[in-house]
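A.B. asks: take a look and give me a structure for this.
(chains A and B)
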Amino acid sequence: MMHQPIQDYQNQITRRHFFSRAGIATAALSTLLGRDLFANDAINQEATGRVTRLPHFAPKARRVIYLFQSGGPSQLDLLDPKPQLKDRFGDEVPTSVYPDERKTTMSNAQSSFATAPSIFKFNRYGKSGLQMSELLANTAKMADKICIINSMHTQAINHDPAITMMQTGSQVPGRPSIGSWLSYGLGSETSELPAFVAMSSRGSGKAGQPLYDRLWGSGFLPSVYQGVKFRNQGAPVLDIYDPPGVDASMRRTMLDHLSKLNEIKYAQSGDKEIQTRIAQYELAGRMQASVPELLDFSQETKSVMQMYGPQVRQQGTFAHNCLIARRLAERGVRFIQLFHQGWDQHVSLPGQLRKQCRDTDQPTAALLHDLEARGMLDDTLIVWGGEFGRTVYSQGNLTKASYGRDHHGNCYSVWLAGAGIQGGIRYGKTDDYSVNVVENGMEPHDLNATILHQLGIDHERLIYPYQGRDFRLTDVHGRVVKEILA
Amino acid sequence: MRFCNHSKLEVTNGHFRDTISIQRRCCNRLTDYMVEEFMLSLPKLKTLLAICFFFLIENAASGDESNTDNDNRLNDKVNFTRDVRPILAAKCWNCHGPDANTREGNLRLDQREDAAHVLAAKKDSTATLVERITSEDSDEIMPPADSKKPLTKKDILVLKQWVSQGAEFEGHWAFQTPQRPEIPFVDSSFLAANEIDHFIIDRLKKSNLAPSPVASKETLIRRLSLDLTGIPPTVDEVDEFIADPSEEAYENLVDRLFASSRYGEHMAVPWLDASRYADTDGYQNDRYRYMHVWRDWVIMAFNENKPYDQFIVEQIAGDMLPKATLKQQIATGFSRNHRINSEDGSIPAEWHVENVADRIDTLGTAVLGLTISCARCHDHKYDPISAKEYYQLFAYFNNVPEWGIGPNNGNSPPFIEVPKSWPNLSDDENVAALPAPVKLRKAREKQDGNGLRRPQAGQKNTVMVMHEMKTPRKTYLLRRGQFDTPDKSELLKPAVPDALNHIGETPTNRLELAKWLVHPDHPLTARVAVNRIWQQFFGMGIVKTSENLGLHGDLPSHPELLDWLSIELVANGWDIKALQKKILMSSTYRQQSRTTAELDAIDPENRLLARGPRFRMHPFMLRDSMLSSSGLLVEKIGGVPAKPYMPPKIWRAISNNRYEQDKGEQLYRRSVYTFWRRTIPPPTMVNFNSAEREVCVVRKDRTNTPLQALTQMNNITFVEASRFLAERMLKHSDNDALAIKFGFQQLLARHSTPQELALIQTAYDSFHAKFEQDQQAALQLLGVGEKARDPSLTPSRHAAMTMTASLLMNLDEAITKE
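C.D. replies: The predicted structure follows:
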């Protein structure tokens, strides 16, 4: 026998799989799009006293919108002000601060590691006076809702392992992404949309890095928990539209007859999987109606559209995805993750970063405002950040107007807002160069543990047995950073 | 069958204490009844227990770990493997197990000699272990609260009983060489076709179950064709089989399918998944590599029925065989199929370690059925594999003249050229070649200070292989598995884990390791192979966790059968087709798959096999079946990967590459040839649970989701296939009903019933009426896919039949092997 908490959890999961096989229509639907079974009285009655239900405790967040900034946004130019570095412009960064072993092979053979202070101004915003870069001036209007974390750090110094670490808790591929852990653990509150939706965008910045399906994949969890990737061109969900020439009434005729024929087969074979399949086809039919409605912005007010900015109407932009994110949130999707590419500025950082922020700052601010106006910021956790930070030394030439920055894992910055996060504060501290964490270090596991905690999940008890081991998103690590909670 | 833990009814009074567990699926109502009754009148308990007895039997008989929940067993002898070890493994061994580094209080509870002092009863008192697990002192209680692994009352009872019965340990079954079991006696009232049936029936009888009748001939030919070739039979093949009344008809069919070259294409798929075969490097920009020649080698190996021992030896160490052939050298691509990082800035030494670790991981899962990789950072927590032993295994694969990072497009050294004549090599060509040594170049010379160096890239005419360096690399234990933390106090020599070494001698190099793996006394290699073949046919292995036969894996449902088959496999010269034929000829395999509520309640996963298997097709089989039924399938063995239809901008949308779809024949090749980009695998395949091919995978769940329904209804591949099945149907007969009957039989191998036919005909008529009114819509539908329609067919009729064919292809039965 497994030990108690695992077994309890196992029992719940087994129960879901049982229902998915049992072909009880509503339960099967719930399972497959991950409806929250444990809010369902009929099913709770079936549970016996020994079963611990998820969430483990009262959640602060009902959903997460994770604004992933892929490529490694520069903490020095956005969230971690180091005004004193102005005086050290061009000075060598001492190896006592930045040891050679931690430099990537892209810059470790440079003859000089010259200090490159940010050319951007950091102002104080809100009642809290939280300092943020001028590049984030719109987002900064919500400073009193935002908690900046300056003390993130990671082992990885390359994109693939680093982003895989952030998303799955391991640098090596094969494990479930955070969103799939959540849909496995919590399900969603909708029966017409998936529990976990991922979207991607790229803007005018040129410093893009590829993404991979594993970032929203389910690893060793059943693939029903994988994120559904909304495509940024053409049909948003794969094969959601009927083929040309086929209209809704024909589809209905087809589905009705399919269902009757499958019922005949079920009566003869007794395999409950057939009942589940019948339900899945009905659900697919409903998704065919609900997805176009989701993407139809015609009911949005002019002011809302303006708030998100001119790109909001253009599929594949960050602004467009931010508005879809809000609409998904309203419709009960549990975990919504946006991936914005283009933050990998090895050269010409100032110019590239301006473009990146022009594309993302206004929509980010709009999303926060919009959620707040709808009373949803209180139970929506917003996470903003990338896979690592960037070096204080210039990669390539340093001039008064321009510099580049290489990958930097020893410290980076993210911010959180909403759903029980204390606003207007800064957590953790880096040294004078923003090279090393000197106070309250947080690794990706700690961030993930904290996200799970806000959703009412004890990260040590969200477990899936695989290959004879009980796996967790946070592996054997993770600390809930209670200091940032309201 | 983990359900049985849920509804535990605890019944306590002054005189009588017992805990009854009930398998909840089968007796929810009974539970309610019992609770109610019990409240009313305690004396009825005896009757209730009698009612429960049936369920308890089933529960105990399930071959599942859950049967430890039967507290009535506590009066009997506790079984270490079944009852005790799971508790120790789950709750104690993390701190008191094989891993010396995390061991607390210098106590290990996985070996009797080390645990004796806490298991022995003390004078006038209980054993220390019992004291600690029952202590009410929060400082004393074990496991401690902060482990979050408390023992259940049931666990405590089991452990107490075990200690009182002398606390015997047993070695793990899978680490002992299989012993030929007795074939159970089965009386003649059962139709046992061969030995397999004796084991299965014997087990069924213990659960008061009987096997199901033989399936219809239609079902059998479809089942066999799908299982052996991945493609359903044609209408003619079905008719011919049904018309053959001879006793040998079935066996002849089996032999005919074995001889089909489709067999190798189909059988290769699980091995390609296990070998994480793909056409790209798998990290970051995920550029091309060229390993399809290795894939062809696997297909040919299955078609030639290469004995499994040779199959393994050539893949692990074909390059080191005396007078190695080029083909044997190419086989070693198995250990080069791992991902290779070529991201700018990567540290070669770091990624070299990852490459070797992936080889060990794959060897462990695919050949040994063990989670060896757990021992990379620390001694294995459950299985007897120390971190040192992990790095001793590592040493066998650490001598490849490779550069840790890749060239960022093309094959990474070592690679060899493949003659143009592949696979029809002349004797002169079929000789192992010497790979060129690694040549490094500066990757970004224009960028000042960029220290990145990359190796030369092998082009399309090459394949990656294993090769040994003249002077082996030094292997050290890496603390925490990190490349930069070697424990240089001890240079490690290659060696295999002690607990698995039943041969005695230590293999000194990779070739000897390969031979050690296939030694007849090896406890795991044959069992793992048998189990995976069983899983392929029945949907689940005899050991459900086919990726892990170790201490934390599931116990086998039929341990004797697994051993018997493994011994037979070895005794028959590792003849895979002979093993498969034995399974396919059994009555067990030939049963019908129909189930009932009662049977489903007792054995929902069909582990006892009181019926035949029934489960949704693998995605490759699904696509290939539809292409074949529609007549679109282009059959040609091997060659460069095919790039069939993909969603628009499938790669471009999130990466820096562009997918260039093929034209013509390559659109309709079998799915085993579909170009596999690891970071963006074909979404329709992944939707239906194909392995992603990033790491070794030998088992995937089968899900049932709305996205699958959308794919089957709307995806271009499936719509085009329905267009061409419709064309075949219309050409078969001018009569709508006869046309429909033909399409139905092609997909399902059986005739439609009048009721089914009437329903389909109604649907067709409705589609037809619509398309009659809207010819434009008909032409639009008939324009889906690259292959042009036959203009001699009336568009409205063709379009209506296309929708009808699509309806048939979406039937549960059409996508299910039953």
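
A.B. asks: what residues does the stretch 251-400 of chain A have near chain B?
C.D. replies: A:251, A:253-254, A:257-258, A:260-262, A:264-266, A:268-274, A:276-278, A:280-281, A:283-284, A:287-288, A:316, A:339, A:341, A:395-396 (CB under 8 Å from any CB of the partner chain). Just so you know, the C-beta spots here come from the backbone N, C-alpha and C atoms, and that holds for glycine as well.

A.B. asks: 6 Å instead?
C.D. replies: Neighbours of chain B within the stretch 251-400 of chain A, by CB under 6 Å from any CB of the partner chain: A:253-254, A:257-258, A:260-262, A:265, A:269-271, A:274, A:276-277, A:280-281, A:283-284, A:287.

A.B. asks: so of those, which ones are in helices?
C.D. replies: With DSSP state H as the criterion, helices contain A:253-254, A:257-258, A:260-262, A:265, A:269, A:274, A:276-277, A:280-281, A:283-284, A:287 from among these.

A.B. asks: tell me the contacts of residue B:230?
C.D. replies: B:266, B:621, B:624 (CB atoms under 6 Å, 6 or more residues apart in numbering or on different chains).

A.B. asks: correction: residue B:642
C.D. replies: B:662, B:666, B:669, B:673, B:674.

A.B. asks: from those residues, which is closest to chain A?
C.D. replies: residue B:674 (15.4 Å; CB to the nearest CB).

A.B. asks: so what's the residue count around that closest one?
C.D. replies: Per other CB atoms under 10 Å in any protein chain shown, the neighbour tally for residue B:674 reads 22.

A.B. asks: who does the closest residue to residue A:91 other than its chain neighbours bridge with?
C.D. replies: Distance criterion CB to CB, 6 or more residues apart in numbering or on different chains; nearest residue to residue A:91, sequence neighbours excluded, is residue A:115 at 4.9 Å. The partner list for residue A:115 in beta bridges (DSSP bridges) reads residue A:393.

A.B. asks: quick check: the gap between residue A:115 and residue A:401.
C.D. replies: 16 Å (CB to CB, to the nearest Å).

A.B. asks: between the two, which is the more surrounded one?
C.D. replies: residue A:115 (24 against 9).

A.B. asks: gap between that one and residue A:82?
C.D. replies: Distance of residue A:115 to residue A:82, computed by CB to CB: 10 Å.

A.B. asks: look at the nearest residue to residue B:595 once chain neighbours are set aside and report its pLDDT.
C.D. replies: Nearest residue to residue B:595, sequence neighbours excluded (CB to CB, 6+ apart): residue A:270, at 4.2 Å. Here, the pLDDT recorded for residue A:270 equals 93.

A.B. asks: burial count for residue A:270?
C.D. replies: 18.

A.B. asks: next: residue B:480.
C.D. replies: 10.

A.B. asks: pretty sure it sits against residue B:377.
C.D. replies: Yes. Residue B:480 lies in contact with residue B:377 (CB atoms under 6 Å); the separation is 5.1 Å.

A.B. asks: wait, a strand at residue A:197?
C.D. replies: Yes. Using DSSP: H, G, I helix; E, B strand; the rest coil, the assignment for residue A:197 is a strand.

A.B. asks: okay, and residue B:300 sits in which element?
C.D. replies: helix B:292-303 (DSSP states H and E).

A.B. asks: what's that helix in contact with?
C.D. replies: Under CB under 6 Å, 6+ apart, the answer for helix B:292-303 is B:261, B:264-265, B:267-268, B:271, B:277, B:311, B:330-331, B:333, B:418, B:423, B:463, B:638, B:640-641.

A.B. asks: leaving out chain neighbours, which residue sits closest to the residue in the stretch 401-550 of chain B that chain A sits nearest to?
C.D. replies: Residue of the stretch 401-550 of chain B nearest chain A, by CB to the nearest CB: residue B:449 (2.8 Å). Closest residue in space to residue B:449, ignoring its immediate chain neighbours: residue A:110 at 2.8 Å, by CB to CB, 6+ apart.

A.B. asks: looks like residue B:281 contacts residue B:341 (just checking).
C.D. replies: No. Taking contacts as CB under 6 Å, residue B:281 lies outside contact range of residue B:341: 7.5 Å.

A.B. asks: right, and the helix or strand after the helix holding residue B:300?
C.D. replies: Taking DSSP H and E, what comes next after helix B:292-303 is helix B:308-317.

A.B. asks: can you count the residues close to residue B:701?
C.D. replies: Counted with other CB under 10 Å, residue B:701 comes out at 12.

A.B. asks: and the residue lying closest to it once chain neighbours are set aside, what pLDDT?
C.D. replies: Sequence neighbours aside, residue A:222 is the residue nearest to residue B:701 in space, at 4.1 Å (criterion: CB to CB, 6+ apart). Residue A:222 is assigned 77 on the pLDDT scale.

A.B. asks: how many neighbours does residue A:222 have?
C.D. replies: Residue A:222: 21 surrounding residues under other CB under 10 Å.

A.B. asks: cool, residue B:258 as well?
C.D. replies: Around residue B:258 there are 18 residues (other CB under 10 Å).

A.B. asks: report the separation between the residue of the stretch 401-550 of chain B closest to chain A and residue A:89.
C.D. replies: 19 Å.

A.B. asks: more neighbours, the two?
C.D. replies: Neighbour count, other CB under 10 Å: between residue B:449 and residue A:89, residue B:449 has more, with 17 against 14.

A.B. asks: what is the burial count for residue 172?
C.D. replies: In the absence of a named chain, chain A is used. 17.

A.B. asks: chain B was what I was after
C.D. replies: With other CB under 10 Å as criterion, residue B:172 counts 17.

A.B. asks: list the contacts for it?
C.D. replies: Contacts for residue B:172 (CB under 6 Å, 6+ apart) come out as residue B:551.

A.B. asks: so which of the contacts of helix B:292-303 are in strands?
C.D. replies: Judged by DSSP state E, the subset of these located in strands is residue B:463.

A.B. asks: show me which of the contacts of residue B:230 is closest to chain A.
C.D. replies: Closest to chain A out of these is residue B:621 (16.4 Å), distances taken as CB to the nearest CB.

A.B. asks: cool, thanks, talk later.
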